[in-house]
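Asker: structural data only, the sequence is not supplied:
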């Protein structure tokens, strides 16, 4: 590893540490605001969705097969199927739509 990368590594480590440490030092009391608690509760889900959902449509190399997989996943998740069932069915749907000659 080059020596100049050490400074970059230390800067990123410090930035990561500060992002995680500052909320613990500033918020010592329990948050009583119902709005703030619900806001902080849903942040991980919103961030994960914002990072994952756009990538789904580029995962197969074909927007139509990816859309078919997403639609199957949404319907099965709405019907409260297991995660394994949703994943396998959506992969199968994306694969089968990708095999169609007019989509491909």
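Answerer: On my side now, so go ahead. Everything quoted here is computed from the prediction, not taken from an experiment.
Asker: ranges for the helices of this structure?
Answerer: Using DSSP state H, the helices found in the chain span residues 4-26, 34-56, 63-78, 83-99.
Asker: could I get the ones you listed in TSV, plus columns for mean neighbour count and mean pLDDT?
Answerer: C-beta coordinates here come from the backbone N, C-alpha and C atoms, glycine included. Listed next are the helices of the chain as TSV, based on neighbours: other C-beta atoms under 10 Å; pLDDT from 0 to 100:
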stretch	mean neighbour count	mean pLDDT
helix 4-26	9	88
helix 34-56	10	90
helix 63-78	17	95
helix 83-99	15	95
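Asker: isn't residue 69 right up against residue 94?
Answerer: Yes: between residue 69 and residue 94 there is a contact under C-beta atoms under 8 Å: 3.3 Å.
Asker: give me the common contacts of those two.
Answerer: Common neighbours of residue 69 and residue 94 (criterion: C-beta atoms under 8 Å, 6 or more residues apart in numbering): residue 60.
Asker: who's in contact with residue 20?
Answerer: No contacts exist for residue 20 under C-beta under 8 Å, 6+ apart.
Asker: from residue 13, how far out is it?
Answerer: Distance of residue 20 to residue 13, computed by C-beta to C-beta, to the nearest Å: 11 Å.
Asker: do the same with residue 55
Answerer: 27 Å.
Asker: over to residue 71?
Answerer: 42 Å.
Asker: much appreciated, bye for now.
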